[in-house]
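Enquirer: What follows is a predicted protein model with its sequence.
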Amino acid sequence: MIARLRSIAVLGLLALGLTLAVSTSPAQAAAEEGEVTLEGIVNNSILGHATDGYYLNLKPFAQVELPRIMLARTEEGALTVEAYGSTAGLLRNGPYGLQAHDGNGSGDHGQAALKTETAELNEAIGTGEHLHSSVARTSGHVVTDFSISRHLVLSILAFLIVTVIFVTLAQRYERGVGRTEARTFLPYLLSSFFFILVANILGLVPFAGAPTSNLAVTAVLAVMTFVIGLLYGSKDHYMELLTGPPDAPILARIILVPIEIIGLVMRHLALAIRLFANMLGGSLIIFSLLGLIFIMNVIFGEAAAWGSTIISIGFTVFILLVKLLVAFIQAYVFTILSALFIGMSAEEHHYDEDADTSASEGDLESRLDAVEDAIEPTPA
């Protein structure tokens, strides 16, 4: 039975790998975006799927563009809020132009590089180039982009899944089903664990993505852990943080205080970057392996592309298995480290001053007795 389940799981992952390959096939890219180029494969097929964007890729069923909301300052200096149903609507109806990917990686396009002509914009929209490019105002500038992105939608989806599951469990808990002793930080830690787990698993779903591969999402989670640690921090924690260990010399405290503060910030910064890097790295590896097929097709031709398909798909299935494991591990690691950091802040540090004083007094008495014995030896 177990062997049969393993076979079904492997076949399922193989089908998932083939689905991902088909969804970014060179034939499809050629039909929709013109000539297949290495730059197009990297920007659109690999980075376009691994990073954030303002659309939901549901191909071959549909490709849904998300609303664009801009807080902008006009050329006259007035602030204005502009809302459009999609990036295409923003380019067609608003004072905006399109900036293509910068080939030299500098990202400095300048106003002269904007595509503003109606024919150019319609061509870019027809090929889907506008989904993988930046937009900018033709006059004035954008103050803040409040547009709804793919990772925001997937984060909300993960939030809704976790909410539905745990509201149901909470109702059962109120009825006394499976009731356990409540802990102060357990609701936050469990919510974080399952939110991260669901968000990570969404990265394995075709046409979706892992919200945790966005640094903004992981940074918010790390900031929540940081704030909880500060709110529930004990008096001893703040004393050590701001004045140094009480048993350390004054000069040592002057050095240790900034080190402690920097260490506190860096621990939570690493908490955010660790989760972000692991999830983004897995996505980039998968799409890079699939992109190898298209790269071989561009450089060496169709025969070489077909020859590399089996190897690429095989490694993709293996990475998908690893990424599934990493989804659980990273959720667990983030939760355990959050619990550790919160515990370090909330713990009371007991310094046994009486014991130290008694020990010191005992040592003094012993030394005095030794001196007396040396001066007045005990008679035999």
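Expert: Perfect, I can see it now.
Enquirer: Which strands or helices does the longest helix seen in the chain pack on?
Expert: Assignment by DSSP state H gives helix 250-299 as the longest helix of the chain. Other elements packing on helix 250-299 under the criterion 3 or more CB pairs under 8 Å, 6 or more residues apart in numbering; DSSP states H and E are helix 2-23, helix 26-33, helix 47-50, helix 215-231, helix 235-243, helix 302-346. C-betas here are computed from N, CA, C, even on glycine.
Enquirer: Quickly, which of those bottoms out on average pLDDT?
Expert: Across those, helix 26-33 has the smallest mean pLDDT, namely a mean of 41.
Enquirer: before we move on, back to that, just want the angle from the longest helix of the chain to helix 235-243.
Expert: 90 degrees (axes from the mean of the first three to the mean of the last three CA atoms, to 10 degrees).
Enquirer: got the angle between helix 250-299 and helix 302-346?
Expert: Direction vectors for helix 250-299 and helix 302-346, defined by the same axes, to 10 degrees, enclose an angle of 160 degrees.
Enquirer: ok and helix 250-299 relative to helix 215-231, angle-wise?
Expert: In terms of direction (the same axes, to 10 degrees), helix 250-299 departs from helix 215-231 by 160 degrees.
Enquirer: Report the buried residues of the helix or strand hosting residue 190.
Expert: Assigned by DSSP states H and E, residue 190 belongs to helix 186-202. Residues of helix 186-202 classed as buried: 188-189, 191-202 (neighbour count, 16 or more other CB atoms under 10 Å).
Enquirer: and it, average pLDDT?
Expert: 89.
Enquirer: May I have that helix exported as PDB, CA atoms only?
Expert: In PDB, the C-alpha atoms belonging to helix 186-202 read as follows (Å, rounded to 0.1, in the frame of the first residue of the first chain):
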ATOM      1  CA  LEU A 186       0.800  29.700  21.500                       C
ATOM      2  CA  PRO A 187      -1.900  31.400  19.400                       C
ATOM      3  CA  TYR A 188       0.600  33.600  17.600                       C
ATOM      4  CA  LEU A 189       3.200  30.800  17.100                       C
ATOM      5  CA  LEU A 190       0.600  28.300  15.800                       C
ATOM      6  CA  SER A 191      -0.900  31.000  13.500                       C
ATOM      7  CA  SER A 192       2.600  31.800  12.100                       C
ATOM      8  CA  PHE A 193       3.500  28.200  11.600                       C
ATOM      9  CA  PHE A 194       0.400  27.300   9.600                       C
ATOM     10  CA  PHE A 195       0.300  30.600   7.700                       C
ATOM     11  CA  ILE A 196       3.900  30.000   6.600                       C
ATOM     12  CA  LEU A 197       3.200  26.400   5.800                       C
ATOM     13  CA  VAL A 198       0.200  27.100   3.600                       C
ATOM     14  CA  ALA A 199       2.000  30.000   1.900                       C
ATOM     15  CA  ASN A 200       5.000  27.800   1.200                       C
ATOM     16  CA  ILE A 201       2.800  25.000  -0.200                       C
ATOM     17  CA  LEU A 202       1.100  27.500  -2.500                       C
END
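Enquirer: so how far is that helix off the chain centroid?
Expert: How far helix 186-202 lies from its chain's middle: 13 Å, per CA atoms, centre = their mean, to the nearest Å.
Enquirer: do the same with stretch 245-262
Expert: 33 Å.
Enquirer: Contacts only, for residue 68.
Expert: 54, 83-87, 89-90, 135, 145, 147-148 (CB atoms under 8 Å, 6 or more residues apart in numbering).
Enquirer: again, only using 7 Å
Expert: 54, 84, 86-87, 90, 147 (CB atoms under 7 Å, 6 or more residues apart in numbering).
Enquirer: do residue 79 as well
Expert: Taking CB under 7 Å, 6+ apart as the test, what residue 79 contacts is 71, 73.
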